[in-house]
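I need the structure of the sequence given here:
(2 chains)
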Amino acid sequence: MQSDNRPLSPHLQIYKPQWTWVPSIMFRFSGGAITVGSLLLIYWLIALASGPEAYATAQSVFGSIIGRIILFGFTWALMYHLLGGIRHLVWDAGKGFVVPTAEFWAKVVVFGSIVLTVLVWIAAYALRGAA
Amino acid sequence: MNLRTPLARARGLGSAKDGVGHWLAERVSAAALVPLVIWFVIGLIMHAGADYEAVKAWIGHPVNAVLMILLLGAMFHHAQLGMQVIYEDYIHTEWLKVGSIYATRFAAYLLAVAGSFAVLKVAFGG
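Numbers count the residues shown, from 1 in each chain, chains lettered A, B, ... in the order given. Below you'll find the model as predicted:
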């Protein structure tokens, strides 16, 4: 179809950042990030199935500084997409479309995902000491 | 000059009639993923710093192995559906769009099956 030279509506960089659309594009971006990050999950499972040596290698990869930074980012993307996804399911039920309500829950998702991410890592480190 | 009627030209150019199925599958897999992701993240927290044998015992336990395979299935199905929507929104070259959708779909099912096989291997002590 004629899709090459059609005029397109103004894109993201044109608009002032707002609590409606910024969390929306972040939701899409986090989904893409998790899709790419899922490769790490499969690597981890295959390493576990391959034996102690392969699993030790995986542990050193994930335990490195870069590995931890990536896993921290992965955790945030997952928490953000989880909370944002629940918000989308509420929208699908036809609720929460009034702008002040939408903006309130957008903030809950953004800040809640950061809080959850930090809590997950604090809990993991606390239990690591106990184990 | 076109001798076809306007109706004949318009026929077949509308919706593909399968959008609702895609939309619903995205939501149903999302709903399934909420408890599965929470279960997995709690499990990971509980096994932070655990050694190979402990993690193997966790994933290899029948209940956990089943949940893990369900997580992989729902996750990669959902990922593939979501990526399709992203490609459809941003890629305006037909062959590249369709190619990206199917390449992602193949990759998603490959990863889901590879991951599930790994879980089964751990569970059956191979």
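
interface residues of chain A facing chain B?
Taking C-beta under 8 Å from any C-beta of the partner chain as the test, the list of chain A residues beside chain B reads A:1, A:3-4, A:28, A:31-32, A:34-35, A:38-39, A:41-42, A:45-46, A:48-49, A:52, A:55-56, A:75, A:78, A:82, A:85-86, A:88-89, A:92, A:120, A:123-125, A:127-128, A:131. For the C-beta atoms, the positions are set from N, CA and C on the backbone; glycine is no exception.

If we use 6 Å, what do you get?
By C-beta under 6 Å from any C-beta of the partner chain, the residues of chain A that approach chain B are A:3, A:31, A:35, A:42, A:45-46, A:48-49, A:52, A:55, A:82, A:85, A:123-124, A:127-128, A:131.

Please flag which of those residues sit within helices.
Judged by DSSP state H, the subset of those located in helices is A:31, A:35, A:42, A:45-46, A:48-49, A:52, A:55, A:82, A:85, A:123-124, A:127-128.

Please spell out the PyMOL selection for the buried subset of those residues.
What follows is the PyMOL syntax selecting those of these that are buried according to 16 or more other C-beta atoms under 10 Å in any protein chain shown:
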select buried, chain A and resi 31+35+42+45+46+48+49+55+82+85+123+124
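
least confident pick among the ones in helices among the residues of chain A next to chain B?
Summarising pLDDT for these: the lowest-scoring member is A:Arg128, with 83.

right, and that residue touches B:His47 too?
No - using C-beta atoms under 6 Å, A:Arg128 is not in contact with B:His47, being 9.5 Å away.

A:Ala106: neighbour count?
A:Ala106 is surrounded by 21 other residues when neighbours are defined as other C-beta atoms under 10 Å in any protein chain shown.

which SS class is it?
helix (DSSP: H, G, I helix; E, B strand; the rest coil).

ok, it touching A:Ser24?
No - no contact is recorded between A:Ala106 and A:Ser24 when judged using C-beta under 6 Å, the distance being 8.2 Å.

ok, the residue in chain B sticking out farthest from the centre to B:Ala8 distance?
The centre of chain B is farthest from one residue, B:Met1, which by C-alpha atoms, centre = their mean lies 47.6 Å away. B:Met1 sits 14 Å away from B:Ala8, taking C-beta to C-beta, to the nearest Å as the criterion.

For B:Gln80, see how far away A:Tyr43 is.
From A:Tyr43 over to B:Gln80 (counting by C-beta to C-beta), the distance is 19 Å.

Near chain A, which residues of chain B? Just list them.
Those residues of chain B that sit near chain A, judged by C-beta under 6 Å from any C-beta, are B:30, B:37, B:45, B:48-49, B:52, B:79, B:82-83, B:92, B:111, B:114-115, B:118, B:121-122.

Quick one, which of these are buried?
For those, a burial check counting by 16+ other C-beta under 10 Å picks out B:30, B:37, B:45, B:48, B:52, B:79, B:82-83, B:111, B:114-115, B:118, B:121-122.

As TSV, those with pLDDT would be great.
What follows is these, written out as TSV (pLDDT from 0 to 100):
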residue	pLDDT
B:Ala30	97
B:Val37	98
B:Ile45	96
B:Ala48	90
B:Tyr52	96
B:Ala79	98
B:Gly82	97
B:Met83	97
B:Leu111	98
B:Ala114	98
B:Gly115	98
B:Ala118	98
B:Lys121	97
B:Val122	97
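
No more questions from me, cheers.
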